[in-house]
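Visitor: here is a sequence with its predicted model. Questions after.
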Amino acid sequence: MNALLTRNRWVGGVLLLLAVLVGTWVVAKGNFGLQSIVTVAAVYVVLAVSLDLVAGYVGLYSLGHAGLFAIGAYGTTLLSRYLHLDVFLLLPIVIVGAGIVGALLGALSLRVSGLYFSITTFIFTIIVYVVLSNSSWTMGLQGLSGPIFPAFPLAVQNVLGRSVVWAVAAVLIVAVVIVWSIRASAFYPVLLAVRDAEPYARANGVRTALVKVGVFALSAGLAAMAGWVFSFLVYQSPGQFGWVQSVYLLVMVIIGGMNTRFGPILGAVLVSVFPFVVKIDPFWQNVVFGAVFVAVIVFFPRGIVGIAEQLVRRIRGRGQARRGVEEREAAITEVEVAPIAEAAQQGEPAEEVALAARGIRFGYVPGVPVLRDVDMIVRRGTIHGLIGPNGSGKSTLVNLISGELRPASGSIELGGVRVERLGAPARPRHGLMRTFQSAVLVRELSLRENTTIGLYSTVRGIAARSVIWPLLPGARRDGRELRARASTALAAVGLDASWHPMPVRDVPHGVEQLTQLASSIVSEPSVLVLDEPLAGLSGAEVTHVAQILRRLRERGVTVIVIEHQTRFIFDNCDDVTVLAAGELVTSGAAAEVRENERVREVYLGQ
Ligand SMILES: Nc1ncnc2c1ncn2[C@@H]1O[C@H](COP(=O)(O)OP(=O)(O)OP(=O)(O)O)[C@@H](O)[C@H]1O
């Protein structure tokens, strides 16, 4: 079945490519009017696809893409006009130039997010517009014509038609192949995690800042590539690169369907062809267009592709409808806890220290300490409970151990290596994985795709390879292996195969929690930190989680559990550490801690 689907996808891709080539040939041989409509629409497709890469995939709503487009178009025109550089040499130059500017803009997203980021990029476009409008080099508002694209030799031209149309097609194919490849790659779930669940992505080893900057730079390079080819097509003036264009690009992506394969393409074609099809007074044209846009946003936020998907789902019936709670519990408890792959530490002596936090001091606000000289020594291959009343600093300690926070003083050792100065993304390489109090998965991705994110730090060059992922046999093989390992981990937490392709948004909370657990064990960590893993679970699910933890311990994995259910802690943990008001109360064997006078006093209220 899989082979059939893969083959079908390849056949589909080849047929699509053939259709584009035939279409290009028809246009390149056609009349000038047709050529100007189609080529400009194709340029907007490239821009929309590049914008979707940042807006749809990593959630950076850029209004700077008209400015980046201008760098490509004006860069080509000015450098060829004044420095007489070859147009083919100009392509990498404008891509790299815009890529650098894009990286700087992307870096801004690390300081300002959401609306503020959009406004910042919007201002960037305005600055570009002002410079273009007022410079004598660019001939100000009057504009200037771009270079002429080299024609084919006459014999070739007789067969293939106008060369610039083929250049547009080449740019279109390259942009779409890159963005679709990323979508088909194992990097795609990682990008969505950066967008929707940044702490989760970081805990899985993803350097989210680098990813945002890199993706923005790539998107800027694609926008500049569109600008490069645009410079051969039309007379350029600043008005083609103003803030209105930036907004229109976002409109194209939203109308077509953000973060969908065909949405941005469809949106760009519709919006750019609209004035040629609806031939009415320009004023009414804008009114009709505005009304259509508002209607789509209000009624179909996932755009035209979203409407189509909804229809298809309705026709098929919800074959994979939500499953009831009873069925869920049956699915979880009936499955025997399958063994995960052997952990490297299996059989090592339990006395060895897996994690040692010593003298930890930390405060969110200067002068208000939240943790004071806390020690926690965790023996390898044990289940270690961390308990304490609300606000005692448990989550803070876990965030320090997992690298989300840095201690003001004190040391943290993982397997004998000091890690307290390393960030969260570096911890998985030292064998530490963690889960979060409330599940923080990517809701539109399947359980299996979410689980593959846990393997991020085990795949070499995943980001670089993603741009041509389906074309690399090694990458496809890696993708298959990731999916297989994710399925094994999901089975290990008791989720049978029927759950694996379901999107997280369609599954109950308990299954979401178990998926988080699967993604944290899939890379076979040596230390696993679980922050309130039982929150919202049913009785059967709690028993099931206890079973999983014991199985992990058998495999040599060290497990640290924060939990409010003290019975669960004392029944299942070897050792327990107790915090109260940011200080260590006691730490030691569970049986001794249970009997400790102070623990009963401060925590158990006895
Ligand atoms: N981001 C933050 N900024 C400022 N103070 C914080 C922040 N997070 C937690 N605190 C404070 O730090 C203290 C310890 O909080 P923490 O969440 O670590 O405790 P906890 O033991 O995990 O509590 P709970 O069991 O309720 O989750 C509390 O007083 C809390 O108000």
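Guide: All right, it came through fine. Numbers count the residues shown, from 1 in each chain.
Visitor: contacts, neighbours, all on C-alpha from now
Guide: Noted.
Visitor: what comes up buried for the helix or strand where Ser411 lies?
Guide: For Ser411, the element it lies in under DSSP states H and E is strand 409-414. Buried residues in strand 409-414, counted by 16 or more other Cα atoms under 10 Å: Gly410, Ser411, Ile412, Glu413, Leu414.
Visitor: can you redo those residues as CSV with pLDDT and distance to Ala357?
Guide: Converted to CSV, these look like this (pLDDT from 0 to 100; distance: Cα to Cα, whole Å):
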residue, pLDDT, distance to Ala357
Gly410, 94, 7
Ser411, 94, 6
Ile412, 95, 4
Glu413, 93, 6
Leu414, 92, 9
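Visitor: who are the contact partners of Gly385?
Guide: Ile560, Val561, Ile562, Glu563, Ile569, Cys573, Asp574, Asp575, Val576, Thr577 (Cα atoms under 8 Å, 6 or more residues apart in numbering).
Visitor: ok, it to Glu524 distance?
Guide: 20 Å (Cα to Cα, to the nearest Å).
Visitor: what do you get for Tyr61?
Guide: 36 Å.
Visitor: get me the contact residues on this protein for the ligand.
Guide: Neighbours of the ligand within the chain, by Cα under 6 Å from any ligand atom: Tyr364, Val370, Asn390, Gly391, Ser392, Gly393, Lys394, Ser395, Thr396.
Visitor: buried subset of the residues you listed?
Guide: Buried among the residues of the chain next to the ligand (16+ other Cα under 10 Å): Val370, Ser392, Gly393, Lys394, Ser395, Thr396.
Visitor: okay, the third one: pLDDT?
Guide: Meaning Gly393. Model confidence at Gly393, expressed as pLDDT, equals 93.
Visitor: wait, it sits on Val374?
Guide: No. Using Cα atoms under 8 Å, Gly393 is not in contact with Val374; the gap is 10.0 Å.
Visitor: can you list residues touching both of the two?
Guide: Gly582.
Visitor: hey, what's the closest residue to Ile401 other than its chain neighbours bridged with?
Guide: Distances taken as Cα to Cα, 6 or more residues apart in numbering place Ile412 nearest to Ile401, at 6.9 Å, with adjacent residues excluded. With beta bridges defined as DSSP bridges, Ile412 has these partners: Ala357.
Visitor: next, give phi and psi for Leu386.
Guide: Main-chain dihedrals, Leu386, degrees, to the nearest 10: phi -130, psi 110.
Visitor: contacting residues around it?
Guide: Leu386 makes contact with Lys394, Ile560, Val561, Ile562, Glu563, Val576, Thr577, Val578, Leu579, according to Cα under 8 Å, 6+ apart.
Visitor: if we go to 7 Å?
Guide: Residues in contact with Leu386 (Cα atoms under 7 Å, 6 or more residues apart in numbering) are Lys394, Val561, Ile562, Glu563, Val576, Thr577, Val578.
Visitor: count the neighbours of the fourth one for me.
Guide: For Glu563, the tally of surrounding residues (other Cα atoms under 10 Å) stands at 21.
Visitor: quick one on the thing from earlier: would you mind giving the buried ones among the residues of the chain next to the ligand as JSON lines with secondary structure and distance to Pro92 added?
Guide: Compiled in JSON lines, these are given as follows (DSSP: H, G, I helix; E, B strand; the rest coil; distance: Cα to Cα, whole Å):
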{"residue": "Val370", "secondary structure": "coil", "distance to Pro92": "52"}
{"residue": "Ser392", "secondary structure": "coil", "distance to Pro92": "56"}
{"residue": "Gly393", "secondary structure": "coil", "distance to Pro92": "52"}
{"residue": "Lys394", "secondary structure": "helix", "distance to Pro92": "52"}
{"residue": "Ser395", "secondary structure": "helix", "distance to Pro92": "48"}
{"residue": "Thr396", "secondary structure": "helix", "distance to Pro92": "47"}
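Visitor: count the neighbours of Ala107 for me.
Guide: Other residues near Ala107 come to 18 when the count uses other Cα under 10 Å.
Visitor: kindly report the same for Leu472.
Guide: Residues within reach of Leu472, counting by other Cα under 10 Å, total 13.
Visitor: nearest residue to it other than its sequence neighbours?
Guide: Arg465 is the one closest to Leu472 (Cα to Cα, 6+ apart), at 7.9 Å.
Visitor: can you verify Val14 is assigned to a strand?
Guide: No. Remark: Val14 does not belong to a strand; assigned using DSSP: H, G, I helix; E, B strand; the rest coil, it is helix.
Visitor: need the pLDDT of it.
Guide: 90.
Visitor: could you check how far it is from the ligand?
Guide: Distance of Val14 to the ligand, computed by Cα to the nearest ligand atom, to the nearest Å: 51 Å.
Visitor: one more: Asp574?
Guide: Distance from Asp574 to the ligand, by Cα to the nearest ligand atom: 20 Å.
Visitor: tell me the domain boundaries of this protein?
Guide: Taking the TED database as the reference, the chain has its domains at 9-278, 350-431+530-605, 443-524.
Visitor: and for Arg567, the neighbour number?
Guide: If you count neighbours by other Cα under 10 Å, Arg567 ends up with 10.
Visitor: confirm it sits in a helix?
Guide: Yes. Arg567: assigned to a helix according to three-state DSSP.
Visitor: how about the contacts made by the residue nearest to Ile401?
Guide: Contacts were defined as Cα under 7 Å, 6+ apart; by that measure Ile412 touches Ala356, Ala357, Arg358, Ile401, Arg418, Val419, Glu420.
Visitor: among the residues you listed, who's most crowded?
Guide: Going by other Cα under 10 Å, Ile401 tops the contacts of Ile412 with 26 neighbours.
Visitor: what does the model give that residue for pLDDT?
Guide: On the pLDDT scale, Ile401 gets 95.
Visitor: for the one 5 residues further on, same thing?
Guide: At Arg406, the model reports a pLDDT of 94.
Visitor: skipping its backbone neighbours, what lies nearest it in space?
Guide: Leu400 (5.7 Å).
Visitor: my guess is the one you found meets Pro407, correct?
Guide: Yes. Counting by Cα atoms under 7 Å, Pro407 is a contact partner of Leu400 at 6.5 Å.
Visitor: so how many other residues sit close to the closest residue to the ligand within the stretch 51-200 of the chain?
Guide: Closest to the ligand within the stretch 51-200 of the chain is Pro199: 13.2 Å, counting by Cα to the nearest ligand atom. Counted with other Cα under 10 Å, residues neighbouring Pro199 total 19.
Visitor: could you look up the SS state of it?
Guide: helix.
Visitor: what sits against it?
Guide: Per Cα under 7 Å, 6+ apart, neighbours of Pro199: none.
Visitor: buried stuff in stretch 205-219?
Guide: 205-208, 211-219.
Visitor: distance-wise, check the residue lying closest to Ala356 once chain neighbours are set aside relative to the ligand.
Guide: Spatial nearest neighbour of Ala356, excluding adjacent residues (Cα to Cα, 6+ apart): Ile377 at 4.5 Å. In this structure, Ile377 and the ligand are 18 Å apart, going by Cα to the nearest ligand atom.
Visitor: from memory Ile377 sits against Gly359, does it?
Guide: No. Here Ile377 lies out of contact with Gly359, judged by Cα under 7 Å, at a distance of 11.1 Å.
Visitor: element containing the residue nearest the centre of the chain, please.
Guide: Nearest to the geometric centre of the chain sits Leu191, at 1.5 Å (Cα atoms, centre = their mean). For Leu191, the enclosing helix or strand under DSSP H and E is helix 187-196.
Visitor: name the residues that touch that helix?
Guide: 57-59, 182, 201, 208, 442, 449-450, 453, 462-463, 466.
Visitor: give me the distance between Leu85 and Thr76.
Guide: To Thr76, Leu85 is 9 Å away according to Cα to Cα.
Visitor: what about those two, which has more around it?
Guide: More neighbours surround Thr76 than the other of Leu85 and Thr76, with 30 against 14 (other Cα under 10 Å).
Visitor: Leu90 is in contact with the more buried one, correct?
Guide: Yes. Between Thr76 and Leu90 there is a contact under Cα under 7 Å: 6.0 Å.
Visitor: I'm done for today, thanks for sticking with me.
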